[in-house]
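Asker: Based on what follows, work out the 3D shape:
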Amino acid sequence: MKILVPTDLSENAKNAINFAKAYARHNDVSITLLYAYYAVYDFAAQAQEIIAAIEKDASKALKKEVKDNPEGFSIDYKIVQGTVSTAISAAVMEGDYDMIIMGTQGASGIKKNLIGSNTATVIKESEVPVIAVPQGSSFDTLKDITVAVELTKEDEKLFRKLVRLTESFNLPYLVLHIESQESFDRDITFKGLESYLKETYPDCSFEFVKVKEKKFETGIDAYLTDHPHTMMVMLSKDKTFFEFLFNKSHSMELAYHTHVPLLVVK
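Answerer: Numbers count the residues shown, from 1 in each chain. Down below sits the predicted model:
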């Protein structure tokens, strides 16, 4: 598996790199660190000097990260000019990466720091799974993996991909449905999904949880308050998910806690 880890050399990006390195300990993984920059200068004569200085500093910091690898897995880095989202998209297409791991910033939750950020753009546009790692989050403190399901047109391929990406963690899966109103059809779908997952993945531990709440974001917020050491998973079945997640009317209401990593499976 090949993982791309964008970094701006900040402490929060460092945390995402550490998360990726911890992930690599559990999987056969190679990591590429990606530093993208956009040089601003007043005169063409300044260009070469500024670019050289930026790349020298970035190269020094990235080489340090590459050397800090006691586990011995493959890790390298790239430095490119361009915007973050454009550089990431190009790198994924050129390098055949399987997943992106990158940081989010701030202390007020995804509603202010994921929506409208570089991370949000990457999640929205990426064709591969993305893990958004909040500031202060640690791979080693994860106790379980929560999978939010809508119970409408669930995609078997996404569950297979989820298990492939995470089964080496040896953590229990909590399959979560936010129930806005009682529905016999969804109850049957939930029970069918439970039977399917337990029969298909007998070596994995699945628990099935319902939270009754009219608003999806309120239910998620309440759930995550009680599960501060989970990794949240959302399955991107179609554009509907992103139309909901990135719609301005909803984005201000989202209250995911910054200490909970978010894995979007595509």
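Asker: give me the element D57 is part of.
Answerer: In this structure, D57 sits in helix 44-67 according to DSSP states H and E.
Asker: pretty sure H229 contacts T141?
Answerer: Yes - taking CB atoms under 8 Å as the definition, H229 is a contact partner of T141 at 5.3 Å. Bear in mind the C-beta positions are built from the backbone N, C-alpha and C, glycine included.
Asker: low pLDDT regions in this protein?
Answerer: Applying pLDDT under 70 to the chain flags residues 39-45, 105-117, 238-258.
Asker: What segments of it are strands?
Answerer: Applying DSSP state E to the chain gives strands spanning 2-6, 30-37, 74-81, 99-103, 130-133, 144-148, 173-179, 206-212, 230-235, 262-265.
Asker: Turn those strands into a markdown table, including mean neighbour count and distance to T166.
Answerer: Below are the strands of the chain laid out as a markdown table (neighbours: other CB atoms under 10 Å; distance: least, CB to CB, whole Å):
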| stretch | mean neighbour count | distance to T166 |
| --- | --- | --- |
| strand 2-6 | 23 | 13 |
| strand 30-37 | 21 | 17 |
| strand 74-81 | 16 | 21 |
| strand 99-103 | 26 | 11 |
| strand 130-133 | 26 | 10 |
| strand 144-148 | 21 | 6 |
| strand 173-179 | 21 | 8 |
| strand 206-212 | 14 | 12 |
| strand 230-235 | 22 | 8 |
| strand 262-265 | 22 | 8 |
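Asker: As a markdown table, those with distance to K56 would be great.
Answerer: Formatted as a markdown table, those follow (distance: least, CB to CB, whole Å):
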| stretch | distance to K56 |
| --- | --- |
| strand 2-6 | 20 |
| strand 30-37 | 12 |
| strand 74-81 | 10 |
| strand 99-103 | 23 |
| strand 130-133 | 27 |
| strand 144-148 | 40 |
| strand 173-179 | 45 |
| strand 206-212 | 50 |
| strand 230-235 | 36 |
| strand 262-265 | 34 |
